[in-house]
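*Asks:* Could you look at this predicted model? Sequence included:
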Amino acid sequence: MKIQMILIGFLLCLLKGGIYAQDNEEERHTQLMQAQEKGLKIGDQVPDVLLDKIVHADGTVTSGKLSDYADRLLILDFMYTTCSSCIGGLPHKDQLQKEFGDRVKIMTVVGGELYSPGMIARENTDFIKKYLTNPNSFLSIRGVQIPWVVENKTLNTLFPHILVSHLVWIYKGKVLAFTEGDYVDRHNIKMILAGKNPELPLKNDFVSAVDEKTALIIQGHERFTGKISKHYVAVFPAYQDGVETRSGTMIDSVKRTRRDYIINLPILNIYTSRWMQVLDTFFTLDPTSIVLEVKDPSMYVGLEDKKEYNLVSRNKTNICYESVRPATGQSDKEVALTTIHDLDHLLGLNGRFEQRKMKSLILVRTDSIDRLRSKGIPKAGDAKLDPPNMIIRNQKLDLLVWQLNQQYGNPPVFDETGYSAMVDMDLQLNGWKDIPALRAQLNTYGLDLREEEREQKVFVLTEQYKP
């Protein structure tokens, strides 16, 4: 699993403070909860829904019914064409479809009317036909054959959701599970077909909303426990699936207190964004610029080699934070520094930026022969960066450097080739951390990764172990 850092610039906006506007939020939440109550639950029998518009990869349109797949494991993948991570997961699902053949049927469903009203109308039959038959598209280049069910509001009514990708697993006519996209893997499919229960965790988009106007510490024993006072600080290891990430400040002019809260954010992202406020600077922090002097790095970042599901990783790394203090007109920098000290004290950590000399990898050219230049197809560029077969087409060499810098544990990588043209590359690797194998293949393109010690600014997180 790749490390997925929440965009720091977005976090700085979240953590800047201020009361969040919630126009019509209660009304929207009520509508969503009503829809959720009417939807099917795990174990329910699925009605025989008419699928009157199924668009295939070649642009043909057919029809069918859910009962046509009663003898298979049917997986409905609700998404949008605008969801890049959803689309990015389809080649893997297509490989599984081909591997299991007639025992499994995977279908994409364009929908989610609750989440984005009007999306069904936009992504209609004509739109999806053009989308799937574009020869230069991501799916066409990879030969993905998964069919798309379009303009089907019945399925959206039966399986309401908010966040995509939303997977509905149906087996022997009954709802088996609701999951995120990365649970569709060989292991889980084999277990279900063998009559075993893989115990897939429920994707629940309808968890009761966190009321940011009320102290987290008194909102419910299922989430937070404790007593509220005029001065307290608390951290809750309480990631809630389906609860939106939020952060802000509320000032009580009567009690003269300020309440700062952070809901569902990774520990590491809170530290780094707060430190950027203290230092009054902003820069992109790659995973290779993070030094974790900790017992278990997966408590703070998602690790590619651990192959954890996103939900598992979020449950490890995300927390909620809250503090109530006298309102003394604190500046943003003062509040940020206070939050850092709170996390240090409550979590037994020490998070800070340092200048360190580190082993680095420098991408250089080994000769003047140009083996990289792209043929210019497709014009818009394309890339497949998942192992074992990585493909780069008509992209800048920066993409290769960026990908290497997204792997926690890799040395920082710098591009000093001076090469500015678009490139085509084909690499066969077990992973982006296999530097010796990568160097051997880069040599065929007249490139190499040379080791050097470089001083740079890094974020260091240390666990302060107590005897």
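*Replies:* Nice, I can see it.

*Asks:* How far does the longest helix seen in the chain sit from its chain's centre?
*Replies:* Identified as the longest helix of the chain according to DSSP state H is helix 332-347. In terms of Cα atoms, centre = their mean, to the nearest Å, the centre of helix 332-347 is found 26 Å from the chain centre.

*Asks:* by contact count, what packs against it?
*Replies:* Here helix 332-347 touches strand 232-236, strand 257-266, helix 267-279, strand 318-326, strand 349-365, going by 3 or more Cβ pairs under 8 Å, 6 or more residues apart in numbering; DSSP states H and E. The way it works is simple: take the backbone N, C-alpha and C, and place the C-beta from them, glycine included.

*Asks:* Show me the one of those that comes nearest residue 332.
*Replies:* Each of the helices and strands packed on helix 332-347 was scored for nearness to residue 332 using Cβ to Cβ, and the closest is helix 267-279 (5.7 Å).

*Asks:* What angle do strand 349-365 and that closest one make with each other?
*Replies:* 90 degrees (axes from the mean of the first three to the mean of the last three Cα atoms, to 10 degrees).

*Asks:* now the angle from helix 267-279 to helix 332-347?
*Replies:* Taking the same axes, to 10 degrees, helix 267-279 and helix 332-347 form an angle of 150 degrees between their directions.

*Asks:* So which elements touch helix 267-279?
*Replies:* Packed against helix 267-279 by the contact rule (3+ Cβ pairs under 8 Å, 6+ apart) you find helix 8-14, strand 318-326, helix 332-347, strand 349-365, strand 447-463.

*Asks:* Where does the prediction get shaky in the chain?
*Replies:* Within the chain, the ranges that satisfy pLDDT under 70 run 1-33, 35, 111-121, 207-232, 237-244, 303-313, 315, 465-467.

*Asks:* ok, 50 please
*Replies:* For the chain, applying pLDDT under 50 flags the ranges 1-23, 221-228, 466-467.

*Asks:* so where do the helices sit in it?
*Replies:* Under DSSP H, the chain gives helices at 8-14, 25-38, 84-88, 90-100, 119-122, 125-133, 138-141, 153-158, 186-193, 267-279, 310-317, 332-347, 398-404, 435-443.

*Asks:* for the ones you listed, which one sits closest to residue 53?
*Replies:* So among those, helix 125-133 is nearest, using Cβ to Cβ, at 5.3 Å.

*Asks:* Quick one: list the elements packing against that closest one.
*Replies:* Here helix 125-133 touches strand 50-55, helix 138-141, going by 3+ Cβ pairs under 8 Å, 6+ apart.

*Asks:* Kindly recompute the last result at 7 Å.
*Replies:* Under the contact criterion of 3 or more Cβ pairs under 7 Å, 6 or more residues apart in numbering; DSSP states H and E, helix 125-133 touches strand 50-55.

*Asks:* angle of the strand it packs on against helix 125-133?
*Replies:* 50 degrees.

*Asks:* In its sheet, which strands sit next to strand 50-55, and in what direction?
*Replies:* The pairing partners recorded for strand 50-55 under DSSP bridges are strand 61-65 (antiparallel), strand 148-149 (antiparallel).

*Asks:* Spit out the contact partners of residue 55.
*Replies:* Taking Cβ atoms under 7 Å, 6 or more residues apart in numbering, we find residue 55 in contact with 61, 125, 128, 129, 132, 147, 148, 150.

*Asks:* And the closest residue to the third one other than its chain neighbours, how far from residue 145?
*Replies:* Taking Cβ to Cβ, 6 or more residues apart in numbering as the measure, residue 128 lies nearest to residue 55, with 4.7 Å between them; neighbours along the chain are not counted. Look at residue 55 and residue 145: by Cβ to Cβ, to the nearest Å, they are 12 Å apart.

*Asks:* ok, now residue 259?
*Replies:* On the measure of Cβ to Cβ, residue 259 and residue 145 end up 53 Å apart.

*Asks:* from the helices and strands packed on helix 267-279, which stretch is densest packed?
*Replies:* Compared across these, strand 318-326 shows the largest average neighbour count, a mean of 20 (mean count of other Cβ atoms under 10 Å).

*Asks:* Reformat the helices and strands packed on helix 267-279 as a markdown table; add distance to residue 378.
*Replies:* Formatted as a markdown table, the helices and strands packed on helix 267-279 follow (distance: least, Cβ to Cβ, whole Å):
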| stretch | distance to residue 378 |
| --- | --- |
| helix 8-14 | 30 |
| strand 318-326 | 37 |
| helix 332-347 | 44 |
| strand 349-365 | 25 |
| strand 447-463 | 23 |
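
*Asks:* wait, which of the ones you listed is closest to residue 409?
*Replies:* strand 349-365 (11.8 Å).

*Asks:* so what does that closest one touch, helix or strand wise?
*Replies:* helix 267-279, helix 332-347, strand 413-415, strand 447-463.

*Asks:* which residues sit against that strand?
*Replies:* The list of residues contacting strand 349-365 from outside it, by Cβ under 7 Å, 6+ apart, reads 271, 275, 279, 340, 343-344, 401, 411-417, 419, 446-464.

*Asks:* ok, back up a step: quick check: angle from the longest helix of the chain to strand 232-236?
*Replies:* Using the same axes, to 10 degrees: helix 332-347 against strand 232-236 is 60 degrees.
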